[in-house]
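>>> next one to model:
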Amino acid sequence: MTEAVIRKKPGMASVKDMPVLQDGPPPGGFAPVRYARRIPNKGPSAVAIFLAAFGAFSYGMYQVGQGNKIRRAIKEEKYAARRAILPLLQAEEDERFVKEWKSYLEYEAEVMKDVPGWKVGESVYNSGRWMPPASGELRPDVW
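Next up, the predicted model:
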């Protein structure tokens with residue numbers, strides 16, 4: 001389309017002959033420009049998030065405490081069972097030790113029979129205290 005058709009003035013000679021047509025606001029004016037920062041209220045508030053996190057943490061710590069109680073009870077039961085069978089185990093070990101000690105003394109008497117003044121079973125140390133032999137001395141199966 002030509003300018004003459006748009007302005008309805010055929011045969012214009014110059015731009016100066018054109019009527020002034022200036023853009024302006026629509027009738028009633030433009031809508032107000034929104035320049036304020038308006039963030040939509042979506043999701044839970046900070047207080048709600050804090051309370052939910054605190055509740056989850058509290059529940060977790062409660063569960064940890066309950067687990068500790070159960071674990072403590074199991075450990076106490078295990079120790080009580082060990083304390084209950086300790087005399088039996090000690091008696092078995094004492095019986096094994098006495099039997100092994102007798103065989104050790106017999107072996108010592110046989111080996112040292114030619115040594116004058118040797119007393120079988122007498123300690124070579126002069127401490128005056130009886131000490132059981134080291135744990136592996138009479139138990140070659142443990143070596």
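
>>> which neighbouring elements make contact with the longest helix that the chain contains?
In the chain, taking DSSP state H as the definition, the longest helix is helix 46-111. In terms of contacts (3 or more Cβ pairs under 8 Å, 6 or more residues apart in numbering; DSSP states H and E), helix 46-111 is packed against no helix or strand at all. Any C-beta I mention is one placed from the backbone N, CA and C, and that applies to glycine too.

>>> quick one, grab the pLDDT at Ala84.
The score at Ala84 is 96. That number is its pLDDT.

>>> now Gly24
84.

>>> for Ile70, same thing?
Looking at Ile70, its pLDDT is 98.

>>> and for Gly117?
88.

>>> what count of nearby residues applies to it?
Neighbourhood size, Gly117 [other Cβ atoms under 10 Å]: 5.

>>> need phi/psi at it.
With angles defined as degrees, to the nearest 10, Gly117 sits at phi 80, psi 0.

>>> for it, what are its contacts?
Not one residue lies near Gly117 by Cβ atoms under 8 Å, 6 or more residues apart in numbering.

>>> can you tell me how far it sits from Lys69?
66 Å (Cβ to Cβ, to the nearest Å).

>>> is it true that Ala52 touches Gly43?
No: contact criterion Cβ atoms under 8 Å: Ala52 and Gly43 do not qualify, at 11.7 Å.

>>> looking at those two, which has the bigger crowd around it?
Between Ala52 and Gly43, counting by other Cβ under 10 Å, Ala52 is the more crowded of the two (11 against 7).

>>> what about the closest residue to that one other than its chain neighbours, neighbour count?
Once flanking residues are discounted, Ala52 sits nearest to Pro44: 7.4 Å by Cβ to Cβ, 6 or more residues apart in numbering. Residues lying near Pro44 (other Cβ under 10 Å) number 10.

>>> look at Pro44 and tell me its secondary structure.
coil (DSSP: H, G, I helix; E, B strand; the rest coil).

>>> now Val115
Under three-state DSSP, Val115 comes out as coil.

>>> for the residue nearest to Ala52, give me the pLDDT.
We note a pLDDT of 88 for Pro44 in this prediction.

>>> so it touches Leu51, yeah?
No: using Cβ under 8 Å, Pro44 is not in contact with Leu51; the gap is 9.2 Å.
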